[in-house]
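In: Structure for this input, please:
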Amino acid sequence: QVQLQESGPGLLKPSQTLSVFCTVSVGSITTKNYYWTWIRQCPGKGLEWIGHITDSGSTNYSPSLKSRTFISRDTSKNQFTLQLSSVTPEDTAVYYCARVGSDYEYDYWGQGTQVTVSS
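Out: Below you'll find the predicted structure:
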């Protein structure tokens with residue numbers, strides 16, 4: 001069974017860059033027809049799609065976050081990474097990684113990692 005595990009900084013100050021890592025066990029991030037995806041849930045709000053990286057390394061980002069977002073991968077570690085620059089307290093959220101199939105089914109999720117932005 002595919003397992004995803006996020007790891008993040010926990011606490012950041014405004015203007016810093018958030019980096020959250022997702023390590024995938026059992027299954028390669030280069031397997032065709034999957035989108036390796038970042039989602040977040042801000043306090044009191046619904047799930048928000050941030051972006052994804054495909055099996056070939058192509059990326060796509062939410063228009064509202066695109067100017068601050070960069071998703072990359074390290075295939076040697078079977079890991080993909082979210083970087084969000086110039087964070088503000090509004091970026092406080094639980095950040096999740098997930099695997100999404102070509103049918104857009106979110107079939108595997110990480111447990112989420114809390115990131116708090118505060119001065």
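
In: Quick check, central residue of the chain?
Out: W38 (2.8 Å; C-alpha atoms, centre = their mean).

In: Run through the residues that contact the spatially closest residue to that one that is not a sequence neighbour.
Out: Spatially, and ignoring its direct neighbours in sequence, W38 is nearest to I50 (4.1 Å; C-beta to C-beta, 6 or more residues apart in numbering). Placement of C-beta: from N, CA and C, glycine included. Applying C-beta atoms under 8 Å, 6 or more residues apart in numbering, we find I50 in contact with 37-40, 61-62, 65, 69, 71, 82, 84, 95.

In: now do 10 Å
Out: Neighbouring residues of I50 by C-beta atoms under 10 Å, 6 or more residues apart in numbering: 20, 37-40, 61-62, 64-66, 68-69, 71, 82, 84, 93, 95-97.

In: same question, G112
Out: Counting by C-beta under 10 Å, 6+ apart, G112 touches 6, 8, 39-41, 93-98.

In: okay, and the helix or strand of this structure with the least pLDDT?
Out: Of all helical and strand segments in the chain, the minimum by mean pLDDT, DSSP states H and E falls on strand 106-109, at a mean of 94.
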